[in-house]
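Chemist: I would like the atomic coordinates for the input below:
(chains A and B)
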Amino acid sequence: MFQTRIHGRGGQGVVTAAEMLSVAAFREGRYAQAFPSFGSERTGAPVVAFCRIDDKTIRLREPIMQPDALIIQDPTLLHQVDVFGGLVRDGYILINTSRSFSELGIGEFVQGFHAEHLCTVPATEFALKHVGRPLPNAALLGGFAAVSGRIAIDSVLAAIREKFPARIAEGNVAAASAAYEYVLGEMQEAAHAQAN
Amino acid sequence: MLKQTEGSRAVAEAVALCRPEVICAYPISPQTHIVEGLGEMVKSGALGNCEFINVESEFAAMSVAIGASATGARAYTATASQGLLFMAEAVFNASGLGLPIVMTVANRAIGAPINIWNDHTDAMSQRDCGWIQLFAEDNQEALDLHIQAFRLGEELSLPVMVCMDGFILTHAYEQVDIPSQPQVDAYLPPYEPRQILDPAEPVSIGAMVGPEAFMEVRYLAHAKQMQALELIPGYAEEFRSVFGRNSGGLLHSYRTEDADTIVVALGSVLGTIKDTVDEMRANGTRIGVLGITCFRPWPLAAVRGALAGAQRVVVLEKSLAVGLGGIVSSNVHNSLAAPATPVYAVIAGLGGRTITRASLHKVFAEAIAGRLESVSFLDLDRAAVARVLAREREVRRSGPIAEAVLRGMGAPGARIG
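Modeler: The predicted structure is shown next:
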């Protein structure tokens, strides 16, 4: 079982992101379960959504308390919510920001994790460019496909096309593809730097 | 067709496949997505020969469903929580009149204090209203139970409530197999009413009945529910032969063959319980699960048989009979062949409180060790309760209780679990 927890704010498409990730996994023939944390829906309030992926039927209904991966859609949550709570030691962290982990003030904190499992991606910028609105969810899923290797980018793109009407889908597909390429580039750069 | 979709959407598609003719709806979380989905299907023409009626309240929703059903239409509505309470008078009328309406209850807590999250208090408040009550374990079963509900309700001329956990199921995306129209048509024949308001053959429905006959009418309502106990296993079996999967029935046993301890529960928490039981089995604990699908009528003989080998029974229930303890556990206790068998009522998940494997492990271990109270409250914050009780002892004008509990806890909004 691979468990992903997505943190963001109301209005950023956090719940939709978890749903699309589950659709992407389903398209790969796997079982998936996506569900939101059920707060009162208010724009801007902290929101959490969950996605489990497995090769067998998923029966568990508890929230994901020990995630294998975190997608953080809004870096302003870092000091408000215990977003890293329970993250496993070899877990993945993807944060929507144009800054680095050190610039976010969590460089020291993430030292205990695998460097190649950590990435930041300016998903809101990709969304503004390709969608025209600051909705980073699809772009983050593109980035997540790259950093985690747990889901194929083609499955993510298909899920985006399934979830959104055609007109909106294409912008999100472009944003997700751009974020995917960006994260791949960052990873290659990091691998290169390490090799030297 | 296999699909990854939201539970509410899956139920909307299942209801549409049942060819309803009148759908009346008043929105309330967490049910809203279901009737929204059906409304879209009616508007687009995907669901033909169906009138979608927006009503001004839940009381009106059930009243319109009663009127529609009495004219021979297949009628459907959905509600939750306070909405179910607001329609309660009409809910009793629907069953008293013997009208086979199908209603989804997206289970949610009842206020005050206001709470939109899941538990079973709403459905349990109507357990004696004369409706058949079926509880879904997952979204596939929620979908399937709606198809079975129309079949069963129309055969008996009784209304059926399909209960599914609000948010936990209604808002969860998971894989479901949506049947084809020919499959549903093969299973669910057109509605052939036992009674119908027809100007060509006038009758009255809803007579005033005095002491001379009221008891007999009520007895017949009971007798019909007993008939449902006979029919339900056969309908589940027929469902399996048409759709190729086990869904519905009276109850589901899981790993109970040699179990000393059997955990009884309803609804989506059964999944988390089964995972916990698998882990305990791996450590050599002889524990199993009994899921109750049909809560009303209460399948007394089947429960008695399923629990026959148990040395102790733990009933995990998402509702509280204030002043008594457990509702399901009282029913279970009445069913035991050996009434001395300990039955532990564990009240859990009220108002959406998370039920975790860790907490289940703990409470099951305590039951096995004989250390559990006959009524206990899973993960109750005893310090929070003690603070309020202490303040009530010290101060006469101690203020409203809910606010006092919240104040003592600080800001719990940031917690993930």
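
Chemist: tell me which element the residue nearest the centre of chain A is part of?
Modeler: For chain A, the residue sitting closest to the mean C-alpha position, by Cα atoms, centre = their mean, is A:I71 at 3.6 Å. Per DSSP states H and E, A:I71 falls inside strand A:69-72.

Chemist: residues from the stretch 51-200 of chain B in reach of chain A?
Modeler: Residues of the stretch 51-200 of chain B that fall close to chain A, judged by Cβ under 8 Å from any Cβ of the partner chain: B:I116, B:W117, B:N118, B:D138, B:F167, B:I168, B:H171, B:A172, B:Y173, B:E174, B:Q175. Yep, even glycine has a C-beta here, placed from its N, CA and C like the rest.

Chemist: would you pull up the residue in the stretch 201-350 of chain B closest to chain A?
Modeler: Residue nearest to chain A within the stretch 201-350 of chain B: B:G271 (3.2 Å; Cβ to the nearest Cβ).

Chemist: that residue falls within a helix, correct?
Modeler: Yes: counting by DSSP: H, G, I helix; E, B strand; the rest coil, one finds B:G271 located in a helix.

Chemist: I'd like to know which helix or strand in the chain has the lowest mean pLDDT.
Modeler: In the absence of a named chain, this looks at chain A. helix A:166-195 (a mean of 93; mean pLDDT, DSSP states H and E).

Chemist: show me what it is packed up against.
Modeler: Here helix A:166-195 touches strand A:118-121, helix A:123-130, helix A:137-148, helix A:153-163, going by 3 or more Cβ pairs under 8 Å, 6 or more residues apart in numbering or on different chains; DSSP states H and E.

Chemist: give me that answer again for 10 Å
Modeler: When contacts are defined as 3 or more Cβ pairs under 10 Å, 6 or more residues apart in numbering or on different chains; DSSP states H and E, helix A:166-195 sits against helix A:14-27, strand A:92-96, strand A:118-121, helix A:123-130, helix A:137-148, helix A:153-163.

Chemist: where does chain A dip in pLDDT?
Modeler: Scanning chain A with the threshold set as pLDDT under 70 gives A:38-41.

Chemist: surely A:Q33 is within a strand?
Modeler: Yes: according to three-state DSSP, A:Q33 belongs to a strand.

Chemist: who touches it in this structure?
Modeler: A:Q33 makes contact with A:1, A:3, A:18, A:22, A:25, A:50-54, A:57-61, A:64, B:4, B:138-139, B:172-175, B:271, according to Cβ atoms under 10 Å, 6 or more residues apart in numbering or on different chains.

Chemist: swap in 8 Å and give it another go.
Modeler: Taking Cβ atoms under 8 Å, 6 or more residues apart in numbering or on different chains, we find A:Q33 in contact with A:S22, A:F50, A:C51, A:R52, A:I58, A:L60, B:A172, B:Y173, B:E174.

Chemist: now B:I287
Modeler: Per Cβ under 8 Å, 6+ apart, neighbours of B:I287: B:R255, B:A259, B:D260, B:T261, B:I262, B:V263, B:V277, B:M280, B:R281, B:F364, B:I368.

Chemist: scan those residues and report the most crowded one.
Modeler: B:V263 (31 neighbours; other Cβ atoms under 10 Å in any protein chain shown).

Chemist: quick one: that one is in a helix?
Modeler: No: counting by three-state DSSP, one finds B:V263 to be strand, located in no helix.

Chemist: hmm, it is touching B:K274, no?
Modeler: No: using Cβ atoms under 8 Å, B:V263 is not in contact with B:K274; the gap is 9.2 Å.
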